[in-house]
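Student: Please work out how this folds:
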Amino acid sequence: MVKVSRETSAAAVVRATRPPPSAGEGTLRSRGGEGQRDDSGWSDRRDLSGTVAPLSRPLVTRGPPSPAAGGGRASRTLAALLFAAPLMTGCVVGPDYSRPSVETPLGYRQGGVREDSPAYVAARKTGFREARPNDAVERGDWWRVFKDPTLDRLIRLVDVDNQSLRQAVANYRQARALVASAQAALYPTVIGAPSITRTGSGGGSTGTVRTSAALLGEASWQLDLFGGTRRTIESEAALAQSDAATIALTRLTIQAEVAADYLTVRYADSLQKVLDENIENFKKTAAITENQYAAGVAARSDVITAQTQVQTIEAQAIAVRLTRVQYVNAIATLIGRPPSEVSIPVSGIAKNPPGVPVGIPGDLLERRPDVAQAERLVQAQSERIGVAVAAFFPTVTISAQGGVSGLTRNGLFSAANQVWSVAASGSETLFDGGARTAAVRSAEAGYDAQVANYRQVVLAAFAEVENQMAALRILAQQQGAQDKAVDLSRKAVEITLNEYRAGTQNFTTVVTAQGLLVTNEINALQVRLSRFTAAVTLIRALGGGWDVRSLPSDSELKGPSLPIDRGGQAVRPDE
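Tutor: Model prediction:
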């Protein structure tokens, strides 16, 4: 016989491994031992056809028991069934879940720590993690590496009023409620049904009046003999963890978008300053052309060209103001505030972005919420295979009813009014045209699809990190070249203006040099903005300090209260 042992409602006793059994086959294991297959099936002789073995007494007994033994006999029978029920819920069919394997490189091509480096190997052997600069990035408030109080204030407001984040939290609470709903199927349903009836016949002194009352209670319990309900609970718990990861992913995405928009505002401020400076320089150049024209050494066209330059660059400066307003309003939307309530003081963009530690590729699987989300969906689908396999096995329900019912004239709680009944029933689908087999195949196909999605998400994560690391490295080189171009352009403007004053150079050369200076200065700011944006994107690609350990555990999901976020990544107390 297959041995089974008692277990709590929140944990599965025994699980089988993939592939799931086909129609008519069962794969069972237990804590006490493992069934051995032979050519005819399982070596134990337990009947799985749905036939219920006869009890030592009739299944249904109803009627007034004797005053001495009736109530005690009912209580003992009900207690015996309730005690035996947990012993009969020891098997869980279907595959046990294990995380799908993914190919993980030893290191990033663009740099960072390699997993096979001597320092990392030595740290793993001693159990210590190598200290890394800028470790604050790994503690959650990743935006603090930019050392900007205004940015810090704006991003913290995301957790207060962002509606997309609130929607994600509401979805998580709904998923958590579904876990509790699935858990409820493990327990019996208890119903109380009191009633009172008063009847009369005849009239006058010969009439009779009878009062009857009933205080009855009944309970029914569908036993989870083969783990279908427990598999459903595990699936719902995995889905809830996926929704918790979605909260972290939504938060991180919005935070990164706020940071990128804020950096664009700072870029607009720097660009406005550059254009305003060039407007002043162009006005000075226009004054020079007017003096040269008045002296008779310059053409009228030089004056018109200089004035045109001033008006053109002023138009560009006006357009920058519109860009700033639009991005400030976008930030207001992200933090859940009306645009009229949000203002950002004018300040330029810094020269160089902060450094970002990347670690090893293997850490990425535990640091990105989208990877954790995809992996949790894999388990949810894996558990659904067990639910589909459990449909091949019989269902057993036990029920009991008891209480007092009868006339009240001799006392409602007299022995004659005591009634009880205990019943057990089983059912098994003998033919369904292959519906259950199709359900198993559908669940398996869904599992394969989720595994493929998980691996694709991991590959995309590695590519995103590599792209942003390459962007930071190459853009730094471009920044150096662009800054040199700006310096040379300034020297060219200075020399051509001096030559123009001396009458040895035409004004067209001056216009060309000044236009090239403006272009190079704008390009330099754009490259600087791209470097900062790449730094933000790299931090987001690395998970922004999030860790898979921030997900609520099974015990938290199946407990009575919402899990409190450890470190501020999964679910925050103010949500």
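Student: Tell me where the stretch 201-350 of the chain has helices.
Tutor: 228-294, 300-334 (DSSP state H, counting those that start in this stretch).
Student: most neighbours per residue, which of the ones you listed?
Tutor: With neighbours defined by mean count of other Cβ atoms under 10 Å, none of these is more surrounded on average than helix 228-294, at a mean of 22. C-betas here are computed from N, CA, C, even on glycine.
Student: and it, what does it pack onto?
Tutor: If you count contacts as 3 or more Cβ pairs under 8 Å, 6 or more residues apart in numbering; DSSP states H and E, helix 228-294 packs onto helix 149-156, helix 158-161, helix 163-184, helix 300-334, helix 369-390, helix 435-502, helix 507-541, helix 554-557.
Student: one more time with 6 Å, if that's ok
Tutor: helix 149-156, helix 163-184, helix 300-334, helix 369-390, helix 507-541, helix 554-557 (3 or more Cβ pairs under 6 Å, 6 or more residues apart in numbering; DSSP states H and E).
Student: Export the helices of the stretch 201-350 of the chain as TSV, with columns for mean pLDDT and distance to A350.
Tutor: Below are the helices of the stretch 201-350 of the chain laid out as TSV (pLDDT from 0 to 100; distance: least, Cβ to Cβ, whole Å):
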stretch	mean pLDDT	distance to A350
helix 228-294	95	8
helix 300-334	95	17
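Student: so which of those gets nearest W143?
Tutor: Taking Cβ to Cβ as the criterion, helix 228-294 is the member of the helices of the stretch 201-350 of the chain that comes nearest to W143, at 5.6 Å.
Student: In this protein, what helix or strand scores lowest on average pLDDT?
Tutor: strand 41-42 (a mean of 32; mean pLDDT, DSSP states H and E).
Student: Tell me how far the residue nearest to Q183 when sequence neighbours are not counted lies from Q174.
Tutor: Across the structure, with Cβ to Cβ, 6 or more residues apart in numbering as the measure, the residue nearest Q183 apart from its sequence neighbours is I233 (5.6 Å). From I233 over to Q174 the distance is 16 Å, taken as Cβ to Cβ, to the nearest Å.
Student: same deal with L249?
Tutor: 17 Å.
Student: What of W143?
Tutor: The span separating W143 from Q174 equals 30 Å under the rule Cβ to Cβ.
Student: For P369, give me its contacts.
Tutor: Taking Cβ atoms under 6 Å, 6 or more residues apart in numbering as the definition of contact, the neighbours of P369 are 245, 248-249, 546.
Student: can you do 7 Å?
Tutor: Residues in contact with P369, defined by Cβ atoms under 7 Å, 6 or more residues apart in numbering, are 245, 248-249, 252, 543, 546.
Student: Now do it, the pLDDT please.
Tutor: P369 is assigned a predicted lDDT (pLDDT) of 94.
Student: buried set for stretch 183-192?
Tutor: Neighbour counts using 16 or more other Cβ atoms under 10 Å place 183, 186, 188 of stretch 183-192 among the buried residues.
Student: With stretch 341-358 instead?
Tutor: Applying 16+ other Cβ under 10 Å to stretch 341-358 flags 342, 344, 348-350, 353-354, 356, 358 as buried.
Student: gap between the two ends of it?
Tutor: Terminal residues of stretch 341-358 are spaced 37 Å apart (Cα to Cα, to the nearest Å).
Student: circling back: so which of the helices and strands packed on helix 228-294 comes closest to S98?
Tutor: The closest approach between S98 and any of the helices and strands packed on helix 228-294, judged by Cβ to Cβ, belongs to helix 369-390 at 8.7 Å.
Student: Please state the offset of the closest one from the chain centre?
Tutor: Using Cα atoms, centre = their mean, to the nearest Å, we find the averaged C-alpha position of helix 369-390 to lie 14 Å away from the chain's own average C-alpha position.
Student: quick check: angle from it to helix 507-541?
Tutor: Taking axes from the mean of the first three to the mean of the last three Cα atoms, to 10 degrees, one finds that helix 369-390 is oriented at 40 degrees with respect to helix 507-541.
Student: Export helix 369-390 to CSV, keeping only CA atoms.
Tutor: Output in CSV follows, covering the C-alpha atoms of helix 369-390 (Å, rounded to 0.1, in the frame of the first residue of the first chain):
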residue,chain,number,x,y,z
PRO,A,369,11.5,42.2,-11.9
ASP,A,370,10.5,41.4,-15.5
VAL,A,371,12.6,38.2,-15.4
ALA,A,372,11.1,37.3,-12.0
GLN,A,373,7.6,38.0,-13.4
ALA,A,374,8.2,35.7,-16.4
GLU,A,375,9.6,32.9,-14.2
ARG,A,376,6.6,33.1,-11.8
LEU,A,377,4.3,32.7,-14.8
VAL,A,378,6.2,29.5,-15.8
GLN,A,379,5.5,28.0,-12.3
ALA,A,380,1.8,29.1,-12.5
GLN,A,381,1.4,27.2,-15.8
SER,A,382,3.3,24.2,-14.5
GLU,A,383,0.9,23.9,-11.6
ARG,A,384,-2.0,24.0,-14.0
ILE,A,385,-0.7,20.7,-15.5
GLY,A,386,-1.2,19.1,-12.1
VAL,A,387,-4.7,20.5,-12.0
ALA,A,388,-5.5,19.0,-15.4
VAL,A,389,-3.9,15.6,-14.4
ALA,A,390,-6.0,15.5,-11.1
